[in-house]
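In: I'd like to go over a predicted model; first the sequence, then the structure.
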Amino acid sequence: MLFGMLISCSSVDKLNEIKEKGRLTALTGYNAYSYFIYKGEPMGFEYDLIKKFAEHLGVSLDLIVVKDIKQMFDMLERGKGDIIAFNLTITKERTQLVHFTNSINTIKQVLVQRKPENWRDMKLHEIEKELIRDPADLIGKTVVVRNNSSYIERLKNLSEEVGGDINIIEAEPELTIEDLIAQVADGEIDYTISDNNIAELNGIYHDNIDVNTEISLSQRVAWAVEKSSDKFLEEINGWLDSIKTTIDFAVTYNKYFKNRYSYKRRITSDYFSNTGGGISKYDDLIKKYCSIVGWDWRLGASMIYQESQFDPNAKSWAGAEGLMQLLPSTGKEYGSNTLSDPEQNIKAGFKYTSYLNEYWKKEIKDSLERIKFVLASYNIGLSHVVDARSLASKYGANPNIWFDNVEYYLMLKSEPEYYSDSVVKAGYAHGEEAVNYVKEILDRYEQYKQLIKSIKNPNMLSFNSLYR
């Protein structure tokens, strides 16, 4: 009884802990369907779902990309994440380690093999004769599978079932299923295993692979939480059960697993994080002029995405124009006479950002903290952020810290008691927009840092530097 009470307490604490800290930390992997960045926008089936769940809880979302599946389980156990939001196959072995959520979908595992060299000149029945259709024919064959995946257990069981040895090789941890499928297509390996929905997607791009040999019955795919997270699990399951019946869920699933044209378009794009490595066609200009401020170019790219989604012809209701949404007067002051010209706009935008950075250098010594003040000033205007600092000082908050301090008072500038305060010089401001602006740019930047260039740790890319 006491043990049950302890578990119950712990589980209540997990859900409350997430709500109290205001952030849900999700462990995930990256690939062409779960989580990736395309044309500057974070996307993916798991990403879209976990983001909606965080919104349901009323908290922000932190994502930590982990390449090794075993490491996901280890990190969850050590409390480094609240949930594994990744397409995990439910197995008996794994249920000893974690609580799985209700299934998100079902799959079958399939063999990925290469068609004969001259398959285009062959008749269908001739191609069939060259392919493995009976799993028993895998006896004596070498199959390379994703590291620490459920495919290993399935192949071991299959070996027992067919009464012969299958040579199972685990790939390097950094290799995704898509990487292994590409190796089959390129002739580097002969066979791998994949979930059928993933294999079918990859067959759109690699037309010389066959994915029609099933090696398993239907299997459930789900997310995972710690064993002690009963109340948290109950919350997730209730939400999943409600959302899975909606058209929105079907649209999201089809967007990533059924829309073949979109899949092929993004994986062949220079601006797909998993292969192209770029963010936008303006990357070179951003790298060139972001250096004026001394910022990481990916932060500058996130800022431009927030302003215009990389549309050089974007115009706001207030008359701001171009990639960095500059007013004509500001553009002219910083050297741009043609705001629709990408280079002029980006150059002028970062010169103005540099001016704001130099202003805040006098007040905010911490360079990471200063970024938040610069971004807020760019969005709402310098004078309103100065007012928010004055209010923070007056009411006992820290005027040099953005989150939960100055941002709080910037939002209060929409209330008469505060915009009429004697320390306020610029009057009313709708501060919520600027607060969201800072948060969304920084959140996206952290995602860019994980998936775009500068990968230092081969197994994991974590981030928290701007939220300390």
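Out: Yes, it's here.

In: what's the neighbour count on N337?
Out: 10 (other C-beta atoms under 10 Å). From N, CA and C alone the C-beta is placed, and that goes for glycine too.

In: mind listing what it touches?
Out: By C-beta atoms under 8 Å, 6 or more residues apart in numbering, the contact set of N337 is 331, 344.

In: from K347, how far off is it?
Out: Distance, N337 to K347, by C-beta to C-beta, to the nearest Å: 12 Å.

In: same thing with D283?
Out: Going from D283 to K347 by C-beta to C-beta gives 15 Å.

In: again, but for D270
Out: 23 Å.

In: who has more neighbours out of the two?
Out: A count of neighbours by other C-beta under 10 Å puts K347 above the other of D270 and K347, at 20 against 13.

In: and that one, what are its phi and psi?
Out: phi -60, psi -50 (degrees, to the nearest 10).

In: what lies in contact with the helix or strand encompassing E343?
Out: Taking DSSP states H and E as the definition, E343 sits inside helix 342-361. Contact with helix 342-361 is made by 282, 285-286, 289-290, 292-295, 300, 303-304, 312, 321-324, 326, 330-331, 333-339, 370, 373-374, 377-378, 382, as judged by C-beta under 8 Å, 6+ apart.

In: surely I209 is in contact with Q113?
Out: Yes: counting by C-beta atoms under 8 Å, I209 does reach Q113; the two are 6.9 Å apart.

In: list residues touching both of those two?
Out: Counting by C-beta under 8 Å, 6+ apart, the shared contacts of I209 and Q113 are V184.

In: residue contacts, Y30?
Out: Y30 neighbours (C-beta under 8 Å, 6+ apart): 36, 44, 65, 67, 176, 273-274, 450-451.

In: helices and strands around the helix or strand hosting G300, which ones?
Out: Using DSSP H and E, G300 maps to helix 297-308. When contacts are defined as 3 or more C-beta pairs under 8 Å, 6 or more residues apart in numbering; DSSP states H and E, helix 297-308 packs onto helix 283-290, helix 342-361, helix 367-380, helix 431-451.

In: the first one packs against which elements?
Out: Counting contacts by 3+ C-beta pairs under 8 Å, 6+ apart, helix 283-290 is packed against helix 297-308, helix 342-361.

In: what angle do the shortest one and helix 367-380 make?
Out: The directions of helix 297-308 and helix 367-380 differ by 20 degrees, with axes from the mean of the first three to the mean of the last three C-alpha atoms, to 10 degrees as the criterion.

In: beyond helix 297-308, next helix or strand please.
Out: helix 328-333.

In: outside of that following helix, which residues touch it?
Out: By C-beta under 8 Å, 6+ apart, helix 328-333 touches 319, 321-322, 337, 339, 344-345, 348, 352.

In: identify, from these, the entry nearest to V423.
Out: V423 has its nearest neighbour among those in Y352, at 26.2 Å by C-beta to C-beta.

In: residues near the closest one, how many?
Out: Neighbours around Y352, by other C-beta under 10 Å: 22.

In: give me the pLDDT value at it.
Out: We have a pLDDT of 98 for Y352.

In: and for the one 3 residues further on?
Out: With respect to pLDDT, Y355 has a value of 98.

In: swap in S11?
Out: pLDDT, read off for S11, is 43.

In: only the buried subset of the contacts of helix 342-361, as a ChimeraX command please.
Out: Here is the ChimeraX command that picks out the buried ones among these, judged by 16 or more other C-beta atoms under 10 Å:
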select :282,285,286,289,290,292,293,295,300,303,304,312,321,322,323,324,326,330,331,334,336,339,370,373,374,377,378,382
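
In: run through who's touching stretch 115-129.
Out: For stretch 115-129, using C-beta under 8 Å, 6+ apart, the contacting residues are 130-131, 208-210.

In: show the end-to-end separation of it, please.
Out: Between the start and the finish of stretch 115-129 there is a gap of 10 Å, counting by C-alpha to C-alpha, to the nearest Å.

In: which of the residues in it are buried?
Out: Neighbour-count burial for stretch 115-129 flags 115, 119 (criterion: 16+ other C-beta under 10 Å).

In: that stretch: how far from the chain's middle?
Out: Offset of stretch 115-129 from its chain centre (C-alpha atoms, centre = their mean, to the nearest Å): 40 Å.

In: partners of D195 in the sheet?
Out: D195 has the following beta-bridge partners by DSSP bridges: Q109.

In: which pLDDT value belongs to it?
Out: In this model, D195 is scored at 96, pLDDT.

In: so where do the strands sit in this protein?
Out: Counting by DSSP state E, the chain has strands at residues 23-28, 36-38, 41-43, 60-66, 83-89, 99-100, 105-107, 109-114, 142-145, 167-170, 191-195, 209-214, 219-225, 460-461.
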